[in-house]
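[1] Sequence and predicted structure are below.
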Amino acid sequence: MATTTVTTYLCIGCPLGCRLEVEHDGPDIVEVRGFGCKIGKRFAEQEHTAPTRMVTTTVRVKGGVWARLPVKTEEPVPKDKVLELTDLLHTIEVSAPVKMGTVILENALGTGVNVIATRDVEARPA
Ligand code: SF4
């Protein structure tokens, strides 16, 4: 007879923060409970099988009016790549001016996801 386990997750889809329960037999999901909407059900299924996260951080800017440029991934990346990607981004320096939406890192760590600038940074007046 198969035995199942229940793993809980906190939904981050909205401020309600539903407590999601995934009943599973190893990697196989038997049932998802506790979601208030379908976003939570999808989140629980993904979190259980292949968790992903958006990455937001900053990179250094050379010659800009600001010393750092905020950046983010265009799509979520595998959760186990987040720390490695953050470390990599902290080694990158771009030159001002930079336009919002500029690709700062293409195909980050082979995930197929680009990292882009999320604001303009003008060049510092000479
Ligand atoms: S399941 Fe739906 S209602 Fe509940 S926290 Fe997630 S997004 Fe919000």
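    Arrived safely, thanks for sending. Just so it is clear, the structure is predicted and the values come from calculations on it, not from any experiment.
[2] ok, which residues in the protein are in contact with the ligand?
    Cys11, Gly13, Cys14, Leu16, Gly17, Cys18, Phe35, Gly36, Cys37, Ile39, Gly40 (CB under 6 Å from any ligand atom). C-beta coordinates here come from the backbone N, C-alpha and C atoms, glycine included.
[3] burial count for Thr3?
    6 (other CB atoms under 10 Å).
[4] follow-up on the earlier one: least confident of the residues of the chain next to the ligand?
    Ranked by pLDDT, the residues of the chain next to the ligand bottom out at Gly13 (93).
[5] Point to the residue nearest the middle of the chain.
    Met54 (1.4 Å; CA atoms, centre = their mean).
[6] contacting residues for it?
    Neighbouring residues of Met54 by CB atoms under 8 Å, 6 or more residues apart in numbering: Lys72, Thr73, Glu75, Pro76, Val77.
[7] likewise Ile104?
    Val59, Leu69, Val71, Leu89, Ile92, Val94, Asn114, Val115, Ile116, Ala117 are the contacts of Ile104 under CB under 8 Å, 6+ apart.
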